[in-house]
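A.B. asks: quick one: sequence and predicted model below, then my questions.
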Amino acid sequence: MPKTKKLSQQEALKQLLENNVTLQDKTTDILTEVKHLVKRIDKLLDLFEGAADFLKLEKPEKLASHKSPENDDALTKKLDAIIDSNRQLARSLAVLGRQVPPAGAPAPRR
């Protein structure tokens, strides 16, 4: 059994406070990055909405003239890759959302 160094109550409290400050710093960093990610996702959604609006304005016969089987296959592969990336991103954000407490919330006691 490994020997453990016994800390005095004051040293343990000091270590706990240092760990808490470090945790708060990391939480702040994560929240900042999530905020940045949300802004980028908003821009991406704006892009998709603009593309959808553009497609609504185009005449259907004009859009049909650009179709070819090769283009469809390549586009399908690219869209599948984007969908997979979005799924992974959504899963990651969901996990992150469960692990990061809301801003201003007290740290959970253990």
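C.D. replies: Arrived safely.

A.B. asks: any idea how far Val21 lies from Ser85?
C.D. replies: 35 Å (CB to CB, to the nearest Å). For every residue, glycine as well, the C-beta is placed using N, CA and C.

A.B. asks: which SS class is Pro101?
C.D. replies: coil (DSSP: H, G, I helix; E, B strand; the rest coil).

A.B. asks: state the pLDDT value of Glu70.
C.D. replies: You'll see Glu70 listed with a pLDDT of 72.

A.B. asks: which SS class is it?
C.D. replies: Classified using three-state DSSP, Glu70 is helix.

A.B. asks: domain boundaries for this protein, per the record?
C.D. replies: 10-64, 67-101 (automatic domain parsing).

A.B. asks: turn those domains into JSON lines, columns for mean neighbour count.
C.D. replies: Listed next are the domains of the chain as JSON lines, based on neighbours: other CB atoms under 10 Å:
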{"stretch": "domain 10-64", "mean neighbour count": "10"}
{"stretch": "domain 67-101", "mean neighbour count": "10"}
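
A.B. asks: mean pLDDT for those: which is lowest?
C.D. replies: domain 67-101 has the lowest average pLDDT among those, namely a mean of 83.

A.B. asks: list the helices and strands the helix ranked longest in the chain packs on?
C.D. replies: In the chain, with assignment by DSSP state H, the single longest helix is helix 9-57. Contact partners of helix 9-57 among helices and strands, from 3 or more CB pairs under 8 Å, 6 or more residues apart in numbering; DSSP states H and E: helix 69-99.

A.B. asks: next, the angle from the helix it packs on to helix 9-57.
C.D. replies: Interaxial angle, helix 69-99 versus helix 9-57 (axes from the mean of the first three to the mean of the last three CA atoms, to 10 degrees): 150 degrees.

A.B. asks: now for the most centrally placed residue in the chain: which residues touch it?
C.D. replies: Centroid-nearest residue in the chain: Leu93, 4.2 Å away (criterion: CA atoms, centre = their mean). Contact analysis of Leu93 by CB atoms under 8 Å, 6 or more residues apart in numbering lists Val34, Leu37.
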